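Novice: Give me the fold of what follows.
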Amino acid sequence: MTLKGKKRIMKNNIDERIIWLNGKLIEANEAKMNVMTPSFQFGANVFEGIRCYWNSEKNALYGFRLEDHYKRLMHSIKLFQMESQYCFIDFLSSLKEVVIANGYKEDIAIRQTVFIDGDGSWFSKGPVGMFVAPVPKSRRKFENYKPITCKISSWERISDKNISPRTKTGANYINSRMAQLEAMESGYDSAILLNDSGKVAEGPGSCLFIVRDRVLITPNINSSILESITRDTLLILAKDLGINVIEREVERTELYIADEAFLCGSAMEIQSINNIDGYIISDTNIGEITKKLLMKYQEVFNGDDLRYSSWLTSIYDK
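Specialist: Predicted coordinates:
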C-alpha cells in the first residue's frame, strides 16, 4: 500500500498515522513484522530519535541536525556490523516522504530505525530493513515547566568493555530501563548511572550537566556516555553565550553540591533536576544557566537565530 493519491491530512490519532516501512508508506496500524526477526527477539536494531520543529511565522518545519543524526546512525550500523544498503540520501528522503504524507505542521518526534529482518538469529547481519515513524510532540513550554528528582542507580552504565554506548541500539536501552524502573519504584522521577570507574555517566537515554560556581560541567566523552547530539549542541551554545564549560570526569558527591543540574536529549530537550538522592539542588523550577541554555536552544531549533541555520533542514522544500 503506497498511499499514492490519498489526501494528505494531519495525523494525530495513532490509527490514522502513516509510517515508512521498507520503501512503502502504510497506515501505522497496518504495519506488520515477523515476530521471529532478530530485531524483535534480540533487540538487533539501531536507531535515531529525531526532532522537527514548526515555525508558524515562517510556515516551515525544520529537522534539527539531521546530518549529524545520520552520521551517528551510520556509525551505529558499522559498529553493529549490519549489512545495510541504506545511505544518507535514503535516510533523508524517507523522513521527508513520511512527514509530508502525514501533513504535519507542528512539532514532531521521529523514530528512524534500521533493523535486522528475516528469520535469522542474534548474530545475523541481515537482511536489513528500516522504518520511519513520526508522531506529534510539542516543545517544552516554560509555563508548565517542572523539575524532576533523580536517584543514583545501583545499575552500572554499559561501557566499551561489554557493549559500546556509542552504538545507539535498542538492546542498549535495557540498561536505561533497569535504572529508570529502579528510580521510579524508589519514588524518584528518573535515574543517574555511574560508569565502571564509579564516575558519573548519564541518565536513562539522556546526558547530564551540572553547574558549579557558574561553570557548566559535563562528563567527558570517555565516561561511558552516548555521543549525544543534544549534548554537543549545548556545549557549542554555552561557549557562544560566554558560559565557561568543562568536560571532565564527575564524582558522585559533586552532584549533591551542584548549583544546578539537568538532563538533556532530543526527546526531553533540557530537563532540570532539583533533587538527587534526597539532596536539594535548587528550590527553583529552573536555574539561571539552565534557563539561558533552554531559551537559546529553542531559538536555534525554531530558526530564529540564523547563525545556526546550517543545523536546520526544511522538510517542506520551498
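Novice: Please count neighbours and contacts with C-alpha atoms only from this point.
Specialist: Fine.
Novice: per-domain residue ranges of this protein.
Specialist: With domains defined by automatic domain parsing, the chain comprises 18-138, 143-301.
Novice: Now render these as a markdown table, adding distance to Leu312, mean pLDDT and mean neighbour count.
Specialist: What follows is the domains of the chain, written out as a markdown table (distance: least, CA to CA, whole Å; pLDDT from 0 to 100; neighbours: other CA atoms under 10 Å):
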| stretch | distance to Leu312 | mean pLDDT | mean neighbour count |
| --- | --- | --- | --- |
| domain 18-138 | 5 | 96 | 19 |
| domain 143-301 | 7 | 97 | 19 |
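Novice: will you turn these into TSV that also has distance to Asp317?
Specialist: Output for the domains of the chain, formatted as TSV (distance: least, CA to CA, whole Å):
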stretch	distance to Asp317
domain 18-138	9
domain 143-301	17
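Novice: Of these, give the one that comes closest to Ile315.
Specialist: Counting by CA to CA, Ile315 lies closest to domain 18-138 out of the domains of the chain; the figure is 5.7 Å.
Novice: For Thr149, name its beta-bridge partners.
Specialist: For Thr149, the beta-bridge partners are Asn275 (DSSP bridges).
Novice: Specify the beta-bridge partners of Thr169.
Specialist: Val46.
Novice: how near is it to Ile210?
Specialist: For Thr169, the distance to Ile210 equals 27 Å [CA to CA, to the nearest Å].
Novice: Next: Gln271.
Specialist: 12 Å.
Novice: Same question for Ile270.
Specialist: For Ile270, the distance to Ile210 - CA to CA - is 12 Å.
Novice: which residues do those two both contact?
Specialist: Phe262 (CA atoms under 8 Å, 6 or more residues apart in numbering).
Novice: sec struct for the nearest residue to Asp160 once chain neighbours are set aside, please.
Specialist: Nearest residue to Asp160, sequence neighbours excluded (CA to CA, 6 or more residues apart in numbering): Ser224, at 7.4 Å. Assigned with DSSP: H, G, I helix; E, B strand; the rest coil, Ser224 falls in the coil class.
Novice: List the contacts of Ser224.
Specialist: Neighbour list for Ser224: 157-160, 164-165, 195, 201 [criterion: CA under 8 Å, 6+ apart].
Novice: Also Ser153?
Specialist: By CA under 8 Å, 6+ apart, the contact set of Ser153 is 179, 182-183, 191-194.
Novice: returning to that earlier point: need the residues touching each of Gln271 and Ile210.
Specialist: The contact sets of Gln271 and Ile210 overlap at Phe262 (CA under 8 Å, 6+ apart).
Novice: Got the phi and psi for Leu234?
Specialist: phi -70, psi -30 (degrees, to the nearest 10).
Novice: That one touches Leu293, doesn't it?
Specialist: Yes. Between Leu234 and Leu293 a contact is recorded at 7.0 Å, counting by CA atoms under 8 Å.
Novice: got the residue ranges for the helices in the stretch 201-318 of the chain?
Specialist: 229-240, 252-256, 288-301 (DSSP state H, counting those that start in this stretch).
Novice: name the helices or strands packed onto the longest one?
Specialist: By that I understand helix 288-301. For helix 288-301, the elements it packs on are helix 229-240, strand 260-265, strand 269-276, judged by 3 or more CA pairs under 8 Å, 6 or more residues apart in numbering; DSSP states H and E.
Novice: rerun at 10 Å
Specialist: strand 45-55, strand 60-64, strand 207-212, strand 215-218, helix 229-240, strand 260-265, strand 269-276 (3 or more CA pairs under 10 Å, 6 or more residues apart in numbering; DSSP states H and E).
Novice: residue ranges for the strands of the stretch 51-200 of the chain, please.
Specialist: For the stretch 51-200 of the chain, strands defined by DSSP state E, counting those that start in this stretch occupy the ranges 60-64, 108-116, 128-136, 148-156, 190-194, 200-202.
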